[in-house]
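Asks: sequence-free structure coming up:
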């Protein structure tokens, strides 16, 4: 297990937790839910830059390189897409909609680690 | 803390099909539409010959999810009908492919979204059509959905 994966799991887990709590206590999209999505996006950018520098430096991934980058690209679009969608109707459910990002990105980072190192754990 | 949804102001009319909890279901469908489309595209572009049956099914599943997402997000009786058909096709697909992958694993040497009843995706593909069906039947056209659309048109 890499440090990068641990940070990712933490960021995603916290985001899901924040969004769930905010679903219960706010009847509008909470600032903290939105910031938690931004944190996930920032993490993914950092992950992408880190992977890019390593791969440019000659390091190879265990799986297919373009499957890896396909995952990163899809993951990067997710917080933005879900955020736009969640803002269409500003109710308490916006928070629950935003909690999906943490769940899905966690699974995607798990897959990314598998492609990168051969196994995530 | 214990306010019920009815206490919220300015929501005199019932929530339309694509708002409130409906947003959640559409998000789930949207995520599956995007991820199954990306997966199918990757599989078909890289090695279609390795497992044409699986990869064609992946593409079909992606198309069903995309149609379902769009139809669920749109309001009106025709979108409702399209969504119902898409969800029923999805339900049939996950049950048939799920069963098929157990009976004849040879045919599916590569995974699809629906293989083993969506095991690779935490069985979400198996649960999703039931939730979608429940939601659509709770929001038949002619009831609140139609009223919501009429209100929208009047504005």
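Replies: Noted; the coordinates are in hand. It should be emphasised that the depicted structure is a prediction, and the values quoted were computed from it without experimental measurement.

Asks: tell me the centre residue of the chain?
Replies: Answering for chain A, as no chain was given. Taking CA atoms, centre = their mean as the criterion, residue A:105 is the residue nearest the geometric centre of chain A, at 3.6 Å.

Asks: nope, chain B please
Replies: Most central residue of chain B, judged by C-alpha distance to the mean C-alpha position with CA atoms, centre = their mean, is residue B:29 at 4.3 Å.

Asks: which non-adjacent residue is nearest that one?
Replies: For residue B:29, the nearest residue in space outside its immediate sequence neighbours is residue B:69; the separation is 4.2 Å by CB to CB, 6 or more residues apart in numbering or on different chains. The C-beta positions use only the backbone N, C-alpha and C, and glycine is treated the same way.

Asks: with residue B:89 instead?
Replies: Beyond its immediate neighbours in the sequence, the residue positioned closest to residue B:89 (CB to CB, 6+ apart) is residue B:64, lying 5.4 Å away.

Asks: neighbours of that neighbour, how many?
Replies: Other residues near residue B:64 come to 26 when the count uses other CB atoms under 10 Å in any protein chain shown.

Asks: what's the helix or strand for it?
Replies: helix B:52-73 (DSSP states H and E).

Asks: what helices and strands are in contact with that helix?
Replies: helix B:21-47, helix B:77-103, helix B:124-138 (3 or more CB pairs under 8 Å, 6 or more residues apart in numbering or on different chains; DSSP states H and E).

Asks: repeat that with 6 Å
Replies: Contact here means 3 or more CB pairs under 6 Å, 6 or more residues apart in numbering or on different chains; DSSP states H and E; on that basis helix B:52-73 packs against helix B:21-47, helix B:77-103.

Asks: does the helix or strand containing residue A:9 come close to chain B?
Replies: The secondary structure element spanning residue A:9 is helix A:3-25 (assigned by DSSP H and E). No - in terms of CB under 6 Å from any CB of the partner chain, no part of helix A:3-25 sits within range of chain B; the closest distance is 7.7 Å.

Asks: next, the buried residues of that helix.
Replies: By neighbour count, with 16 or more other CB atoms under 10 Å in any protein chain shown as the criterion, the buried positions of helix A:3-25 are A:4-5, A:8-9, A:11-12, A:15-16, A:18-19, A:22-23.

Asks: can you check stretch B:76-84 too?
Replies: Buried residues in stretch B:76-84, counted by 16+ other CB under 10 Å: B:76, B:79-80, B:82-84.

Asks: format these as a markdown table; extra columns: distance to chain A and pLDDT.
Replies: Conversion of the buried residues of stretch B:76-84 to a markdown table gives the following (distance: CB to the nearest CB, whole Å; pLDDT from 0 to 100):
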| residue | distance to chain A | pLDDT |
| --- | --- | --- |
| B:76 | 17 | 89 |
| B:79 | 16 | 95 |
| B:80 | 18 | 95 |
| B:82 | 20 | 96 |
| B:83 | 17 | 96 |
| B:84 | 22 | 96 |
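
Asks: where does pLDDT dip in chain B?
Replies: Scanning chain B with the threshold set as pLDDT under 70 gives B:1-13, B:109, B:143-155.

Asks: one more time with 80
Replies: Screening chain B residue by residue with the criterion pLDDT under 80, one finds the ranges B:1-15, B:47, B:50, B:105-111, B:142-155.

Asks: quick one: name the residues of it near chain A.
Replies: Within chain B, the residues that sit near chain A (CB under 6 Å from any CB) are B:19-20, B:23-24, B:27, B:31, B:38, B:42.

Asks: what subset of these is buried?
Replies: Judged by 16+ other CB under 10 Å, buried ones among the residues of chain B next to chain A: B:19-20, B:23-24, B:27, B:31, B:38, B:42.
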